[in-house]
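Asks: following is a predicted model, sequence given first.
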Number of protein chains: 2
Amino acid sequence: MKDTDDKLTSRNIKPTAMRELVLDILTEQKMAISLSDLEQKFHKSDKVTLYRTLKTFEEKKLIHSIDDGTGAIKYALCKETCQCHPEDLHVHFFCLKCQHTFCLSNIPIPSINLPVNFSVENINMVVKGVCSNCND
Amino acid sequence: MKDTDDKLTSRNIKPTAMRELVLDILTEQKMAISLSDLEQKFHKSDKVTLYRTLKTFEEKKLIHSIDDGTGAIKYALCKETCQCHPEDLHVHFFCLKCQHTFCLSNIPIPSINLPVNFSVENINMVVKGVCSNCND
DNA sequence: AAAGTTTATGCAACTGAGTTGCAAACTAAT
DNA sequence: ATTAGTTTGCAACTCAGTTGCATAAACTTT
């Protein structure tokens, strides 16, 4: 638990039992998960607490949220150094077959030439298709 | 109305009074609108009918939907020739100030080098920031 | 044109994600 | 231990999207 604790405190999040559990679950995941996915990992749990835990994590940039168009926001761990600035952002992939959402962590979002006088804060880029796992 | 009718029939949509009205409203818009935005353009209207109208339009590729992360899907007219294939797609912009969502119709979505064995069907790219209107 | 078939519309009612308010439980600090 | 601040759990709500079903309108066939 020490490791988990450190991750929390280093992001200025008070390490409670609940938060440790949630962070551990998030760490195990190979793919992004939604609030209700998370809820189902617990036998008995309160959606609201999990909701607020995710919000806190997101605020403190421990995780980032992905709107993959399925109607449920997904969450995935940020890299250690991530500040969620445009230069930290990567492309996400949603597989139409297995319905999973992944971070393509090593594919940065390509920069865009916006019209004059437009400024950027954030970019959400989700590619939908079939992942390598489902493609054979 | 002849023009509106033609647009509908050319996309294989039976031109009803309702659909003409909706298409006209969509044509007037400079920005993408949501179902509830659309609903408010009518004095008396049924959300479900509008909902199904939008669904039909989208299916027939008369309009495309934009998930801008606000929680309500926005819709905007497609170009005449649009088939909503990856090569037809463009970037969308959401202004954090005026809360409006635009098509950046002349900014195509940059192509991405996906990992091996991944195939693409669709890409959603929404840039969030401040638009030129709100930036001075 | 009348009867029958298909398609579109309108109403009610529901689902599911996300959210708020409040009280109880917990934590930290004096 | 007492207090102040934070976190958790429950109830209850909002709002977008959706389904079922009955009526109305449009098309088809005789």
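Replies: Done, it's in.

Asks: hey, let's count contacts and neighbours off CA atoms from now on
Replies: Noted.

Asks: for B:Cys82, see how far away A:Leu104 is.
Replies: Distance from A:Leu104 to B:Cys82, counting by C-alpha to C-alpha, to the nearest Å: 28 Å.

Asks: again with A:Thr4
Replies: Counting by C-alpha to C-alpha, the gap from A:Thr4 to B:Cys82 is 49 Å.

Asks: same deal with A:Lys97?
Replies: Between A:Lys97 and B:Cys82 the distance, using C-alpha to C-alpha, works out to 25 Å.

Asks: and for A:Ser65?
Replies: For A:Ser65, the distance to B:Cys82 equals 31 Å [C-alpha to C-alpha].

Asks: more neighbours, the two?
Replies: More neighbours surround A:Ser65 than the other of A:Ser65 and B:Cys82, with 19 against 15 (other C-alpha atoms under 10 Å in any protein chain shown).

Asks: pull the number of nearby residues for the closest residue to DNA strand D within chain A.
Replies: Nearest residue of chain A to DNA strand D, counting by C-alpha to the nearest atom of the strand: A:Met18, 4.1 Å away. A:Met18 has 13 neighbouring residues, counting by other C-alpha under 10 Å.

Asks: so it sits in a helix?
Replies: Yes - checked against DSSP: H, G, I helix; E, B strand; the rest coil, A:Met18 lies within a helix.

Asks: where's it relative to A:Gly129, distance?
Replies: Taking C-alpha to C-alpha as the measure, A:Met18 falls 35 Å from A:Gly129.

Asks: and what of A:Ile33?
Replies: Here the criterion is C-alpha to C-alpha. By it, A:Ile33 lies 18 Å from A:Gly129.

Asks: what do you get for A:Phe94?
Replies: Remark: distance between A:Phe94 and A:Gly129 (C-alpha to C-alpha) = 6 Å.

Asks: more neighbours: which of these two?
Replies: Each of A:Phe94 and A:Gly129 has its neighbours counted (other C-alpha under 10 Å); A:Phe94 has more, 25 against 20.

Asks: the more buried one reaches A:Asp67, doesn't it?
Replies: No - contact criterion C-alpha atoms under 8 Å: A:Phe94 and A:Asp67 do not qualify, at 10.1 Å.

Asks: what do the two both touch?
Replies: Common contacts of A:Phe94 and A:Asp67, defined by C-alpha atoms under 8 Å, 6 or more residues apart in numbering or on different chains, comprise A:Val126.

Asks: which residues of chain A lie near chain B?
Replies: Within chain A, the residues that sit near chain B (C-alpha under 8 Å from any C-alpha of the partner chain) are A:67, A:69, A:71, A:107, A:110, A:113-114, A:116-132, A:135.

Asks: now intersect those with the strands, please.
Replies: Of these, the ones assigned to strands by DSSP state E are A:107, A:119-130.

Asks: now for these, which pair is the farthest apart?
Replies: Using C-alpha to C-alpha, the two most remote members of these are A:Ser119 and A:Val130, lying 32.7 Å apart.
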